[in-house]
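Chemist: model this:
(chains A and B)
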Amino acid sequence: MKLVGKSLARDGPGSVKLLPEVDDDLWDAYNLIAAGDSVEAVTVRKITRSGGRDSERVKLTLEVAVESTDYDKDGSVLRVRGKNLSKNEHVQIGQYHTLEIELRRPFLLRKEAWDWPALDTIRKSCDETAANADLAVLLMQEGLAHLFLVGRSVTATRARVEVPIPRKHGSGAVAAYDTALKDFFQRVLAAFVHHVDFGLVQCVVIASPGFTKDQFRDYMLLEATRRGELRAITEHKARFVLAPAPSGYPHSLKDVLAAPSVMSLIKDTRAAQEVPALQEFYAMIAKDSARACYGPKHVEVAHERLAIQTLLLTDTWFRNPDVAARRKCVDLAESVKKVGGNVRVFSSMHVSGNQLEQLTGIAAVLRFPMPDLDDIEM
Amino acid sequence: QFVPKTDNQSDLEGPHRNAGPWLCSICSQQNDTSCMSCEVCGVLRDLSLYFNNTNEPEGGAKRRNKHSGVSVLARSLFTPSSPKSKAIVFSDGFRGNKNATGHMQASLGTLHKTFMTHKQRHNIVPFKFDIPSPDDMVSIGLKSSRHLRKADTSVPCVDIPGKMVMGDDDLVAEKDTSTDPSSSVKLDELGGNSSSVAANTRNETLILDNELQHLSLERKPKNSKAKIKKPVPVSQYKPEPWMLQGEDQEMPRQLNLAIVGHVDSGKSTLCGRLLHALGRISKKQMHKNEKEAKEKGKGSFAYAWAMDESADERARGITMNVGVAYFDTKNYQVVMLDSPGHKDFVPNMISGVTQADAAVLVVDASLGSFESGMGVNGVGQTKEHSQLIRSFGVENLIVAVNKMDSVEYSAERFNYVKSQLGIFLRSCGYKESAITWVPLSAMENENLVTAASDTRLSSWFHGTCLLEAIDSSAAPHRDVSKPLRLPICDVISSHVLGQVAVCGKVVCGAIRSDSKVLVMPSGELATVKIIERDSSRLSSARAGDNIAIGLQGIDPIHVMSGGVLCHPDYPVSVASSLELKILVLDITVPILPGLQFELHAHHAKVSASLVRIVSLLDQKTGKASARKPRMLTARQAAVVEVRLEREVCVEEFGTLKALGRAFLRSQGSTVAVGVVTRVVQVQG
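Modeler: Alright, predicted model coming up:
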């Protein structure tokens, strides 16, 4: 994201002008724009004239008071819906309009209060030096494959391939098995070629339990030499990395990302910081369960006793449409920081953030054991 | 301008034989023979070229090729269901077939028999029941059983409501409805349905509204799954005479025998040896395996190669997928399931071996190997497999202590293994008396099919050899009194069985050729064409049989491994949210809510997450704790609620054990085993 203009006061009103550049920026924008803010952007609206017989598409600049936002990660689309605020010959004030925030189109965001998570999001998002390593992960098991594109803050599932692979049934059945496997590989390769653009993707991880990854890589390289249109694969052979995975299901992605060989590839990305943070939490709960807690209630109690060392929470909390709840969460994070704790905000669009979200979305590693947490009803 | 019509037609068929101008089929312009396409509109001369053209670029779209020559009408008439719709189709063929063959489709149960008396084929029979109330009609409209009308004859055909539709209440509620008054209510609804012309005008208009759907003999309900509601309580099911007769048939009974154990303990070699000794492998084949194995420098794998046929398995020297082989003993026809021992392939092992009736646990007696199987560092698969096998419901275990030759057939080593493993097996819940210990050597063929010949072994061991131990296993329990359930283990296609064929073990009930089955969870009907057991044709199969079935009248995409074939009137329950009673295995990281894991139930695998921990169960008393625990640690028992990514077919454990077991795996190891206590929400 590019910061085009800024006039605001911390914890006060103000506006910023932002220019989203990559898909991830839309996600950041989605996190920034909350109900109650206002957004101004260039948009196209269908105007009907003379009793609805003629209609015309008009390009306008509209400002809307945001009522709801909608983000589709797989299509990378952000829509902002609200009532019009700007006076205009085509659209009346108070009429509903839905803006679509697009890449390489600036938008102006006005807030009543700029709290630190919002400012933090802008800072992180506009950090040019941050590695923007786009990583493609092909997570497979025999008969099932998922293709993920792991960006700075969003992991998008691009393809899912499922093919039934039969067992070996006596003599001759091995042929059926081989055909099924080949068919499976063929489909995975087709999905891979369709979704992976080596201009953007820096690195491809092929992960699977067993030998499926090796089998697939061999198949892919063989196909690439055989078929001219797949030359890109041969050329970027060095970008392929193999990694073990416990299964081909999406949640195994976090185990793949935690593997040392993969970790070194993504070490500057947000995903790379999130994965170990969550692992640390689980390690602590395994070692000393009284030194870790989860759930808003328990975390709050722990914070009252200043016990929180690391606070883990997902960005969903900051997106809470309920302003009071959002305020409370922001304050909690703020005061944890003040007393010397760490705060880690997870992107709920990453696999580890997703896992945290399943676990109520908030968790903490504590400085000292609090065994009495077990007695507090959640 | 006149061109004979025949000329035109032959143009279309074979343009190259034809001289003279040809008539464009679209704009009727006369074109010169030299033109491949019409000069005016550009339509190709040979229309079949269109189809060929579409074939080539879309190599993947086989479906389209198949239909390319068939008219839309024909397709809609003969294909029972469009691939897009999930609606259940009761093809007219079902009914016609039944009437033609004359025998009463006993599979329809008593309720339908009463029903049948009211109607004749191709006759509209006005029902005695009152016209359904508006409420009924709405519920019919929504839930709707099918309307069978022959599109081509325009004679409305009264439908046998094969699957009666009811609300998707819990099973508890279902039981309440098994009383007579409520079933008459059902009849009432159905009456409204089947007299589709006479009574139910609203439905009639619906039908007319949608002519195309009508033609394809189906009506898309609003909810695709609406028809697959639990129709009749299972308690009402009465097995039919043909299912019960022939219990003591000439065929020996089948025993599904799982071969499990740690990697490299010699499972496949043991299987290969057994097959060879029993003459199931031809000399020629064996010689070939031996020669190839030697060439690869893996002489010791010659027997294992009888089971491991794929190039990858051979190159790596490990089994990756469950292998199936058959042999006969005195009492049984044994289906041997050779499972992979490697840690990464435990999912394959689970989905392939859940059908086991008995198991052989192979352990490696040699120094160090046995210990690694027991998991000195990490969980060994000797342990994991025996836990899994126990939770598959296998009670009798044969422990084959293999590679005794490497320890000089030492009785001490055997007793050491026995005592070490014995403690663990008892902790898994195997009874002391249910475990048979057999020392053997697969490589040296000691104590496999005949008593030990080596004096070092025979001097101290006087027990049974492996084959005898297998033969004397307790007979598996067979339940034919329940409606048919056959979890699909594999979907295959072969010349003999046809395009769509499934493999699996009949869990309960019985099946015979030409009967209808419902394929869940897609909810499509299919006809059983061929039943095969070890490549020999059968006319029917009963609970416990491991069979392959050729299906007809169903699109392959509706048949997936992990699905269940069931009785059309008694579909299995489909769930996307479950309550499980689980036993946590030896894990290091505690289980927290939100844990994402793979859930295995019979042959189905699905990604799932733990929604909440309902209660902790006391190990001894089994009572639920008052408070919700924060987490679950090793060896705890608890009631949990899980949400599944996709719906699977399961039954509550109390209803049907085989479909009520679940295995939870996370990060490459089995974290918990459990049973389904409640299907929280039936997808509807």
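Chemist: Regarding the closest residue to chain B within the stretch 101-250 of chain A, which helix or strand does it belong to?
Modeler: Using C-beta to the nearest C-beta, residue A:246 is the residue of the stretch 101-250 of chain A that sits closest to chain B, at 3.5 Å. Where C-beta positions appear, they are placed from N, C-alpha and C, glycine not excepted. Here residue A:246 sits in a region with no helix or strand, counting by DSSP states H and E.
Chemist: What residues are bridge-paired with residue A:6?
Modeler: Beta bridges link residue A:6 to residue A:16 when assigned by DSSP bridges.
Chemist: which residues touch it?
Modeler: A:14-17 (C-beta atoms under 8 Å, 6 or more residues apart in numbering or on different chains).
Chemist: so can I have TSV of those residues showing neighbour count?
Modeler: Compiled in TSV, these are given as follows (neighbours: other C-beta atoms under 10 Å in any protein chain shown):
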residue	neighbour count
A:14	15
A:15	17
A:16	22
A:17	15
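Chemist: what's the neighbour count on the nearest residue to the residue of the stretch 101-250 of chain A closest to chain B once chain neighbours are set aside?
Modeler: In space, residue A:246 comes closest to residue B:668 once its chain neighbours are excluded; the distance is 3.5 Å by C-beta to C-beta, 6 or more residues apart in numbering or on different chains. Per other C-beta atoms under 10 Å in any protein chain shown, the neighbour tally for residue B:668 reads 18.
Chemist: same question, residue A:199
Modeler: Neighbour tally, residue A:199, other C-beta under 10 Å: 8.
Chemist: ditto for residue B:313
Modeler: Count around residue B:313 with other C-beta under 10 Å applied: 24.
Chemist: quick one: it is in a helix?
Modeler: Yes - assigned with DSSP: H, G, I helix; E, B strand; the rest coil, residue B:313 falls within a helix.
Chemist: tell me the secondary structure for the nearest residue to it once chain neighbours are set aside?
Modeler: Nearest non-adjacent residue to residue B:313, counting by C-beta to C-beta, 6+ apart: residue B:320, 5.3 Å away. Under three-state DSSP, residue B:320 falls in the coil class.
Chemist: How about the contacts made by the residue nearest to residue A:246?
Modeler: A:209, A:246-247, A:255, B:343-344, B:346.
Chemist: now the nearest residue to residue B:637 once chain neighbours are set aside: how far from residue A:295?
Modeler: Nearest non-adjacent residue to residue B:637, counting by C-beta to C-beta, 6+ apart: residue B:617, 4.1 Å away. Using C-beta to C-beta, to the nearest Å, residue B:617 is found at 22 Å from residue A:295.
Chemist: who touches the longest helix along chain A?
Modeler: Longest helix in chain A, counting residues (DSSP state H): helix A:173-195. Applying C-beta under 8 Å, 6+ apart, the contact partners of helix A:173-195 are A:136, A:138, A:140, A:142-143, A:145, A:147, A:149, A:158-159, A:161, A:163-169, A:215-216, A:219-220, A:223, A:230, A:233, B:60, B:309-311, B:321, B:492-494.
Chemist: same thing but at 6 Å, please
Modeler: Applying C-beta atoms under 6 Å, 6 or more residues apart in numbering or on different chains, the contact partners of helix A:173-195 are A:145, A:147, A:158-159, A:161, A:163, A:165-166, A:168, A:216, A:219-220, B:309-310, B:492.
Chemist: Right, and chain A sits closest to which residue of the stretch 451-600 of chain B?
Modeler: For the stretch 451-600 of chain B, C-beta to the nearest C-beta, closest residue to chain A: residue B:594, 2.9 Å.
Chemist: residue contacts, that residue?
Modeler: Neighbouring residues of residue B:594 by C-beta under 6 Å, 6+ apart: A:358-359.
Chemist: do the one 5 residues further on as well
Modeler: Contacts of residue B:599 were listed using C-beta under 6 Å, 6+ apart, and they are B:606, B:608, B:662.
Chemist: And for residue A:350?
Modeler: For residue A:350, the contacting residues are A:155, A:271, A:274, by C-beta under 6 Å, 6+ apart.
Chemist: So for those residues, which is the shakiest by pLDDT?
Modeler: Among the contacts of residue A:350, residue A:271 carries the lowest pLDDT, at 74.
Chemist: any chance you could read off phi and psi for it?
Modeler: Backbone torsions of residue A:271, given as degrees, to the nearest 10, read phi -60, psi -40.
Chemist: any idea how far it lies from chain B?
Modeler: To chain B, residue A:271 is 16 Å away according to C-beta to the nearest C-beta, to the nearest Å.
Chemist: Who are the contact partners of that residue?
Modeler: By C-beta under 6 Å, 6+ apart, the residues touching residue A:271 are A:150, A:257, A:350.
Chemist: Filter these down to the ones in strands?
Modeler: Among the contacts of residue A:271, the members falling in strands (DSSP state E) are residue A:150.
Chemist: Give me the buried positions along stretch A:296-315.
Modeler: A:296, A:298-299, A:301-303, A:307-315 (16 or more other C-beta atoms under 10 Å in any protein chain shown).
Chemist: chain center to it, what's the gap?
Modeler: 23 Å (C-alpha atoms, centre = their mean, to the nearest Å).
Chemist: per-residue confidence averaged over it?
Modeler: The average of the pLDDT scores along stretch A:296-315 is 90.
Chemist: and it, does that touch chain B?
Modeler: No - applying C-beta under 6 Å from any C-beta of the partner chain, one finds stretch A:296-315 out of contact with chain B, separated by at least 7.9 Å.
Chemist: CA atoms only for that stretch, dumped as PDB, please.
Modeler: Taking Å, rounded to 0.1, in the frame of the first residue of the first chain, the C-alpha atoms of stretch A:296-315 are listed here in PDB:
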ATOM      1  CA  PRO A 296     -11.600 -13.500  26.600                       C
ATOM      2  CA  LYS A 297     -12.600 -14.100  30.200                       C
ATOM      3  CA  HIS A 298      -9.400 -15.900  31.200                       C
ATOM      4  CA  VAL A 299      -7.200 -13.500  29.400                       C
ATOM      5  CA  GLU A 300      -8.900 -10.600  31.200                       C
ATOM      6  CA  VAL A 301      -8.400 -12.200  34.600                       C
ATOM      7  CA  ALA A 302      -4.800 -12.800  33.800                       C
ATOM      8  CA  HIS A 303      -4.300  -9.300  32.700                       C
ATOM      9  CA  GLU A 304      -5.800  -7.900  35.900                       C
ATOM     10  CA  ARG A 305      -3.000  -9.600  37.700                       C
ATOM     11  CA  LEU A 306      -0.500  -8.300  35.200                       C
ATOM     12  CA  ALA A 307       0.400 -11.900  34.300                       C
ATOM     13  CA  ILE A 308       0.400 -11.600  30.500                       C
ATOM     14  CA  GLN A 309       3.800 -12.000  28.800                       C
ATOM     15  CA  THR A 310       2.600 -12.400  25.200                       C
ATOM     16  CA  LEU A 311      -0.900 -11.600  24.100                       C
ATOM     17  CA  LEU A 312      -2.000 -13.400  20.900                       C
ATOM     18  CA  LEU A 313      -5.100 -12.100  19.200                       C
ATOM     19  CA  THR A 314      -6.600 -12.100  15.700                       C
ATOM     20  CA  ASP A 315      -7.400  -9.100  13.700                       C
END
